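Participant: no sequence for this one, just the structure:
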């Protein structure tokens, strides 16, 4: 997660899901996987949702708070009135590989009291880089009664159904997950430049070790999200 991404379309999707998951009875923990500095890319530019009232249907309070975000950075996000009571944040910058283990241990201790932990790396799961969370870090964070969620992005090397299946298999084998749910989202956003056409932008959100109540909350959120124009949402289950 970088400051330049704060308040963009991805935040609407992921924070909407997290608010729906936590409700009023689950304590939320956010592991930002923070990377300081701007990466020079245009990522984070999709703010069109602020002019589209339909997004209020997903979560009115979230819409109002993110649309009024005073600055685009993680500090402003943490201060926004969008978080369930007791939300815990871990914002230490992702270190080099030499300090990664101690950083991960500190993250685990910091988020110890969270019932739901969300991992927010730039590029989802992968190798031990600043842009990825790892399967070993998921194993470290797992405990009875806790669900873990994370954002990821589909690759282009195989069909999406096969990609989800492979992800869930790796979560079971390498992460120890007993259950996995992936919410596949695709949102049509304006093409860059003066074009009036739209292109799809896909973001996936996976939840592991969710109990029946959390599974129901994901299903309800998916149904609400699907009602918004130019949005597609589909759940993939492995139990």
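Facilitator: Received the coordinates, thanks. Treat the numbers as computed from the prediction; the structure is a model and nothing was measured.
Participant: Going by residue numbers, what spans are helices in the chain?
Facilitator: Under the criterion DSSP state H, the chain contains helices at 9-22, 60-67, 74-79, 100-110, 135-141, 160-174, 212-226.
Participant: remind me which residues of the protein are low pLDDT?
Facilitator: Flagging of the chain using pLDDT under 70 yields the residue ranges 38-45, 192-195, 239.
Participant: Closest to the centroid, which residue in it?
Facilitator: residue 151 (3.8 Å; CA atoms, centre = their mean).
Participant: wait, what's in contact with that residue?
Facilitator: 10, 14, 119-121, 124, 203-205 (CB atoms under 8 Å, 6 or more residues apart in numbering). C-beta: built from backbone N, CA, C; applies to glycine.
Participant: How about residue 133?
Facilitator: Residue 133 neighbours (CB under 8 Å, 6+ apart): 31, 33, 119, 121, 124-126, 150.
Participant: Out of those, which is nearest to residue 46?
Facilitator: residue 124 (17.7 Å; CB to CB).
Participant: Minimum distance to residue 188: which of the helices of the chain has it?
Facilitator: Closest to residue 188 of the helices of the chain is helix 9-22 (CB to CB; 10.8 Å).
Participant: Show me what the closest one is packed against.
Facilitator: Judged by 3 or more CB pairs under 8 Å, 6 or more residues apart in numbering; DSSP states H and E, the packing partners of helix 9-22 are strand 28-31, helix 60-67, strand 116-119, strand 147-152, strand 180-190, strand 198-208, helix 212-226.
Participant: Name every strand pairing with the third one and say which way it goes.
Facilitator: In the sheet containing strand 116-119, its partner strands are strand 28-31 (parallel), strand 147-152 (parallel), by DSSP bridges.
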